[in-house]
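>>> Got a predicted structure here, sequence first:
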Amino acid sequence: MALQKGNKQGIETRFKKGESGNPNGRPVGVKSLKTRLTELLNTGIQYKSLAGKPINTTAGEGLALALIAKGLTTGDYKTIEYITQTIEGTKPPEDIGLQEHQKAIIQRAQERFLNQLKDVTK
């Protein structure tokens, strides 16, 4: 049943003026989602290259490689557009809120991917 104007149902459970919906806030020591994601992106991983060689990198760099691979293999226009605009500088990474270390990860991933392509096409 939708509440109608003047309906007093639920009035005792509503927030009082000036009261927070979360008066205790986030507990001390609990990391924000942004902090946790940044930590995970910097975690070391290992995967096999297209040539079958094991490669050690970070999760963020692996994610960037996967994005590039998706653009190349599926022809996904949005992915290709994002990658090319970022490389060409028409849509710099700052526009999407990347930090310097994240930009460096993308740059390294692009370089590694291009090197892998050279290895595969030899």
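Everything's here; your move. Numbers count the residues shown, from 1 in each chain.
>>> what ranges do the strands span in the protein?
44-48, 54-58 (DSSP state E).
>>> can you list the weak-confidence ranges in this protein?
1-13, 20, 88-99, 117-122 (pLDDT under 70).
>>> And the helices in it?
Per DSSP state H, the chain carries helices over the ranges 33-41, 59-74, 77-88, 100-121.
>>> Please identify the deepest-packed of those helices.
helix 59-74 (a mean of 18; mean count of other Cβ atoms under 10 Å). C-betas here are computed from N, CA, C, even on glycine.
>>> What lies in contact with that helix?
40-45, 47, 57, 76, 79-80, 82-83, 102, 105-106, 108-110, 112-113 (Cβ atoms under 8 Å, 6 or more residues apart in numbering).
>>> could the helices of the chain be laid out in TSV, adding distance to residue 15?
What follows is these, written out as TSV (distance: least, Cβ to Cβ, whole Å):
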stretch	distance to residue 15
helix 33-41	24
helix 59-74	39
helix 77-88	41
helix 100-121	37
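>>> for the ones you listed, which one sits closest to residue 51?
With Cβ to Cβ, the closest approach to residue 51 among those belongs to helix 100-121: 5.3 Å.
>>> Which strands or helices does that closest one pack on?
Contacts defined by 3 or more Cβ pairs under 8 Å, 6 or more residues apart in numbering; DSSP states H and E place helix 100-121 against strand 54-58, helix 59-74.
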